[in-house]
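Novice: Need coordinates for the following:
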Amino acid sequence: MKTIRRLIYGETLASIALVTLGFLALFFFFDLVDELQYLGKNTGLGDSVYQIKHALLYVTLLVPNHIYELLPISVLIGTIFVMARLAQSSEYTILRTSGLGPWRALKLLLALGAFFVALSFAVGDYVAPMSERAAQLLKARYQNKITIGQTGAWLKEKQAQSNFVVNVKELSPDNEMRGVQIYEFNSKGLIVSTTEAPVAVFAGSAWLLSHAKRAEFELPDAQDSRGAASQQAKISRINVESLRWPTDISTEMVSVALLKPERMATIDLFNYIRHLDANGQTAQRYEIEFWKKVFYPLSCLVMVMLALPFAYLHFRSGSITAYVFAGVMIGISFFLLNNVFGYIGNLRNWQPWLAAATPGMLYMAVSLGAFGWLVLRR
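Specialist: A predicted model of the protein is given here:
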């Protein structure tokens, strides 16, 4: 059994590695071509110019995220190729006569799939978020800023008797916030004050705002018999050289806006969801991405189950190419369906775990059906 395991695992690992390298080379080329438009541009940081070496480093830092996205597809294509080749050369028939039954073969492939589940989780949860952030900071050194969306990053926080809505336009590479706006509301939802500052920095459990402009609104709190306000609203405007604003919004809370939800670590998504729930904000999109991060590595198990029935097909000379192409189409369809269900679940307000798990469950049902029909019955 050890010899059979060594044969199948060695062939499959080599095939998956080759497929992954092919995909990565393709995406590396596309990313590099996309970066060529920024070469040679002076971005306002003295003589600093975005050069080809910076573009190559930036594109290289995007590789871990591509590995995470492509690993299930690579596992499927690589395993299908090995199973089909073993069947075509009659090697798998010899293995079957040597005692490799369907359930034992499935157990072997599931063990291999478990390895890729762990690898996918490690890359997607630790390596990819760090490399993505490093790539964004590298780009920011030559753009002098990291713009967070078209209108900036919006965050909300509840404090003792007030609610705050915060907008941060840009974030510099050294975590310096720019274009900060803070809106304060009372328990009735009426605006109490606004604070604007061109620059702010993190200082423990507070933000230090430089050259802040603060406007305080004194609202009328009484009405006469005709319903008219007994006093007029007043606005007080002050300029402060340095203003300290106590808040629990940390560096991580703002910096998560740099990454798309699917490129955040699972624990960061979980903490951000808790923050949104605590402040009465919708977290549907982030909850779906959280559950996708949980279920996506498990798709490697589904892929090896889909590949096993190919070992029980009868191949003619040259027909292996068609089955490998079918594997490519299955992998692409899974990737597309996984993304589509995320959007549909967000629009239709589905249960987040259901929207994330549905594609995997559908393909698992297909793989179990194919295993039952082609392997057990035939």
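Novice: what residue ranges in the stretch 51-200 of the chain score low on pLDDT?
Specialist: Within the stretch 51-200 of the chain, the stretches with pLDDT under 70 are 140, 142-151, 173-174.
Novice: All the helices of it, in order from the start?
Specialist: Applying DSSP state H, counting those that start in this stretch to the stretch 51-200 of the chain gives helices spanning 52-61, 63-88, 91-97, 102-122, 128-143.
Novice: Residue 329 is nearest to which of those?
Specialist: Closest approach to residue 329 among these (C-beta to C-beta): helix 63-88, 10.1 Å. Yep, even glycine has a C-beta here, placed from its N, CA and C like the rest.
Novice: what inclination does the closest one have with respect to helix 52-61?
Specialist: 60 degrees (axes from the mean of the first three to the mean of the last three C-alpha atoms, to 10 degrees).
Novice: before we move on, the earlier item: please identify the most buried of the helices of the stretch 51-200 of the chain.
Specialist: Highest mean neighbour count among the helices of the stretch 51-200 of the chain (mean count of other C-beta atoms under 10 Å): helix 63-88, with a mean of 24.
Novice: Who are the packing partners of it?
Specialist: Helices and strands touching helix 63-88, by 3 or more C-beta pairs under 8 Å, 6 or more residues apart in numbering; DSSP states H and E, are helix 2-35, helix 91-97, helix 102-122, helix 128-143, helix 299-307, helix 320-348.
Novice: and that helix with helix 102-122, angle?
Specialist: 170 degrees.
Novice: Can you give me the distance of residue 301 to residue 96?
Specialist: The gap separating residue 301 from residue 96 is 23 Å, by C-beta to C-beta, to the nearest Å.
Novice: whoops, I mixed them up, residue 372
Specialist: Following C-beta to C-beta, the distance that separates residue 372 from residue 96 is 17 Å.
Novice: related to what we said a few turns ago, ok, which of the helices and strands packed on helix 63-88 comes nearest residue 209?
Specialist: helix 128-143 (21.3 Å).
Novice: mind checking how far the closest one is from the chain centre?
Specialist: Distance of helix 128-143 from the chain centroid (C-alpha atoms, centre = their mean, to the nearest Å) equals 15 Å.
Novice: Compare the helices and strands packed on helix 63-88 and give me the one nearest residue 292.
Specialist: helix 320-348 (6.3 Å).
Novice: Show me what that closest one is packed up against.
Specialist: helix 63-88, helix 284-295, helix 299-307, helix 352-370.
Novice: Give me the mean pLDDT for that helix.
Specialist: Across helix 320-348, the average pLDDT comes to 82.
Novice: Determine the angle, from 0 to 180 degrees, between it and helix 352-370.
Specialist: Going by the same axes, to 10 degrees, helix 320-348 makes 150 degrees with helix 352-370.
Novice: closest to residue 290 out of the helices and strands packed on helix 63-88?
Specialist: helix 320-348 (11.2 Å).
Novice: Just the buried positions in that closest one, please.
Specialist: Buried residues in helix 320-348, counted by 16 or more other C-beta atoms under 10 Å: 320, 323-324, 327, 330-331, 334-335, 338, 341-342, 345-346.
Novice: closest to residue 30 among these?
Specialist: residue 335 (16.0 Å).
Novice: Now do the same contact list for that closest one.
Specialist: 69, 72-73 (C-beta atoms under 8 Å, 6 or more residues apart in numbering).
Novice: In a markdown table: those, plus distance to residue 310.
Specialist: Formatted as a markdown table, the contacts of residue 335 follow (distance: C-beta to C-beta, whole Å):
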| residue | distance to residue 310 |
| --- | --- |
| 69 | 23 |
| 72 | 16 |
| 73 | 15 |
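Novice: Kindly report the domain assignment for this structure.
Specialist: Per automatic domain parsing, the domain ranges recorded for the chain read 2-144+283-377, 160-246.
Novice: Span of the shortest one from start to end?
Specialist: Translated: domain 160-246. 12 Å (C-alpha to C-alpha, to the nearest Å).
Novice: Can you report how many residues neighbour residue 242?
Specialist: 10 (other C-beta atoms under 10 Å).
Novice: pLDDT score for it?
Specialist: For residue 242, the predicted pLDDT is 91.
Novice: Would you agree it is in contact with residue 208?
Specialist: Yes. The criterion here is C-beta atoms under 8 Å, and residue 242 meets it with residue 208 at 6.3 Å.
Novice: Can you tell me the SS state at residue 204?
Specialist: Secondary structure, DSSP: H, G, I helix; E, B strand; the rest coil: residue 204 is coil.
Novice: Please report how far it lies from residue 157.
Specialist: Taking C-beta to C-beta, one finds residue 204 at 16 Å from residue 157.
Novice: Neighbour count: those two, which is higher?
Specialist: Neighbour count, other C-beta under 10 Å: between residue 204 and residue 157, residue 157 has more, with 18 against 8.
Novice: about what we covered before: how about the helices and strands packed on helix 320-348, which one is nearest residue 118?
Specialist: Across these, closest to residue 118 is helix 299-307 (C-beta to C-beta), at 9.2 Å.
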